[in-house]
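Chemist: This is the structure alone, sequence omitted:
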């Protein structure tokens, strides 16, 4: 792996940085997102909430501006990151939404929705998650899968106790669950649009473009009692998969402590916050299935004992690349034995949301993190690295939309 450079106290890949993705790339998924998906999300916020006409009008204006209009700026609010966003947006003043880097446009779009809906302003709508309905529907739609997963985790924990150690197969299976749970990302598909929340892991193995699951299982079983950090992505079944993984790591002795790094406010529709973790726990606790009840009891015990720690940071809702991690967050992650980076948006951040050649060595780009890292990602954007030319040639034949349809996955380990 190549070393990282230190530039203005920021560690960046020791490679020439390619250009960032933008919505002005005609015919791209990026263009489709800015001009179609994002306006639809803004309008759905109107439909699913009871905001007054003046708020709905501003949301309609935002939806209309995305296709051809220029950036609008935040009205003053009391968000912790308000002044940060003034700095983030400074290079893009007067530019169209389509012309600024895609990741900046998306992250700002969700921050602007909270600004418009008075999320950070004392009053009736302070702290109101505008995406709550979809998150709740996502939980309800995946209850059968949740029961199956909790039952399976219970079986694996019993086996680990009987054998004196957890099996690599159980770790690998949990990695696959944590990976494919991302396919129900609500910013891409609605909760009831189809049956994507149900999947057969064995069938999905054929859709893994890189599979380092066995290497991860070897790393975890080599030195039990470690600290594991999850950079969490979505709520719903994906969050349940992550919580089950954490439950197994702690219950089997593979980890003595697990940190979940969560968003400080709603974003990307389904991204998980600390509040979402507790709401998910409470939702599952209302069920009657014994294995789900046992899981929620262990979850509560791990939270109360400090073995499972929930933390948030405004870096996770910023438009910055992973190599721009703040010093304090870098120092915190340096204590980890493995950082598990979840989801498509976090993967884009690992690569700076830039047009890397798809065959570029993944580890040569992600050379700046302070601890071993595994990325679990289903592909929903035109950013990827670490593929072979043979894989690319085959994908072009079997699935022309492989980059963005969420049907292909990656498990990429960097030590």
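Modeler: Yep, it's here. These numbers were taken from a predicted model, which means no experiment stands behind them.

Chemist: From here on, just use CA atoms for contacts and neighbour counts.
Modeler: Fine.

Chemist: SS state for residue 125?
Modeler: What DSSP: H, G, I helix; E, B strand; the rest coil gives for residue 125 is coil.

Chemist: Quick check, it in contact with residue 115.
Modeler: No: if you go by Cα atoms under 8 Å, residue 125 and residue 115 don't touch, sitting 10.7 Å apart.

Chemist: Can you check which residues contact both of these two?
Modeler: The contact sets of residue 125 and residue 115 do not overlap (Cα atoms under 8 Å, 6 or more residues apart in numbering).

Chemist: Which one's more surrounded, these two?
Modeler: residue 115 (21 against 16; other Cα atoms under 10 Å).

Chemist: Looks like residue 34 contacts residue 65 (just checking).
Modeler: No: using Cα under 8 Å, residue 34 is not in contact with residue 65; the gap is 10.1 Å.

Chemist: If you count neighbours, what's buried in the helix or strand harbouring residue 66?
Modeler: Remark: residue 66 resides in helix 53-68, with elements defined by DSSP states H and E. Across helix 53-68, burial judged by 16 or more other Cα atoms under 10 Å covers 55-56, 59-60, 62-67.

Chemist: elements contacting that helix?
Modeler: On a contact count with 3 or more Cα pairs under 8 Å, 6 or more residues apart in numbering; DSSP states H and E, helix 53-68 meets helix 38-48, helix 102-116.

Chemist: low-scoring stretches of this structure, by residue?
Modeler: 1-10, 182-203 (pLDDT under 70).

Chemist: So which residue of it lies furthest out from the middle?
Modeler: residue 162 (34.4 Å; Cα atoms, centre = their mean).

Chemist: from the middle of its chain, how far away would stretch 376-391 be?
Modeler: Distance of stretch 376-391 from the chain centroid (Cα atoms, centre = their mean, to the nearest Å) equals 16 Å.

Chemist: Quick one: residues in contact with it.
Modeler: Here stretch 376-391 makes contact (Cα under 8 Å, 6+ apart) with 29-30, 175, 178-180, 182-183, 209-210, 340-344, 347-348, 351, 353-362, 402-412.

Chemist: Where helices are concerned, which of the residues you listed count?
Modeler: 29-30, 175, 178-180, 344, 347-348, 362 (DSSP state H).

Chemist: Any chance of CSV for these, columns distance to residue 288?
Modeler: Below are those laid out as CSV (distance: Cα to Cα, whole Å):
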residue, distance to residue 288
29, 42
30, 43
175, 27
178, 24
179, 27
180, 26
344, 34
347, 37
348, 39
362, 44
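
Chemist: Let's see if you can find the most crowded of the residues you listed.
Modeler: Highest count within the ones in helices among the contacts of stretch 376-391 by other Cα under 10 Å belongs to residue 180, 29 neighbours.

Chemist: what's the closest non-adjacent residue to that one?
Modeler: residue 378 (6.9 Å; Cα to Cα, 6 or more residues apart in numbering).

Chemist: Would you list the phi and psi of the one you found?
Modeler: phi -90, psi 140 (degrees, to the nearest 10).

Chemist: Bridging across strands, which residues link to it?
Modeler: residue 409 (DSSP bridges).

Chemist: That one: neighbouring residues, count only.
Modeler: For residue 378, using other Cα under 10 Å, the count is 29.

Chemist: can you tell me how far it sits from residue 410?
Modeler: 6 Å (Cα to Cα, to the nearest Å).

Chemist: Identify the contacts common to these two.
Modeler: With Cα under 8 Å, 6+ apart, residue 378 and residue 410 have common neighbours residue 179.

Chemist: From the contact counts, what lies against the biggest helix by length in the chain?
Modeler: Assignment by DSSP H gives helix 143-163 as the longest helix of the chain. Judged by 3+ Cα pairs under 8 Å, 6+ apart, the packing partners of helix 143-163 are helix 237-251, helix 290-305.

Chemist: which residues make contact with the longest one from outside it?
Modeler: Outside of helix 290-305, the residues that reach it under the criterion Cα under 8 Å, 6+ apart are 146-147, 150-151, 154, 243-244, 247, 281, 284-285, 287, 308-309.

Chemist: Of those, just the buried ones, ChimeraX syntax please.
Modeler: ChimeraX command restricting those to the buried ones, with burial defined by 16+ other Cα under 10 Å:
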select :146,147,150,151,154,243,244,247,281,284,285,308
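
Chemist: any idea which of the contacts of helix 290-305 is closest to residue 319?
Modeler: Residue 319 lies nearest to residue 309 out of the contacts of helix 290-305, by Cα to Cα, at 24.8 Å.

Chemist: Give the closest residue to that closest one in space, chain neighbours not counted.
Modeler: residue 259 (4.8 Å).

Chemist: tell me the secondary structure for that neighbour?
Modeler: Bear in mind the rule, three-state DSSP; under it residue 259 is strand.

Chemist: can I assume it is in contact with residue 306?
Modeler: No: taking contacts as Cα under 8 Å, residue 259 lies outside contact range of residue 306: 9.5 Å.

Chemist: okay, the two: which has more neighbours?
Modeler: residue 259 (21 against 13).

Chemist: residues contacting the more buried one?
Modeler: Residue 259 sits next to 227-230, 308-311 when contact means Cα under 8 Å, 6+ apart.

Chemist: So what sits opposite it in the bridge?
Modeler: Where residue 259 sits in a bridge, its partners, by DSSP bridges, are residue 229, residue 309.

Chemist: Show me the protein divided up by domain.
Modeler: 5-116, 132-414 (automatic domain parsing).

Chemist: Give me whichever of those is most buried.
Modeler: domain 132-414 (a mean of 19; mean count of other Cα atoms under 10 Å).

Chemist: sorry, back to before: just give me the closest of the contacts of residue 259 to residue 91.
Modeler: Among the contacts of residue 259, residue 311 lies closest to residue 91 (Cα to Cα), at 30.3 Å.

Chemist: Give me the nearest residue to that closest one, chain neighbours excluded.
Modeler: Closest to residue 311 by Cα to Cα, 6+ apart is residue 261, at 5.1 Å.
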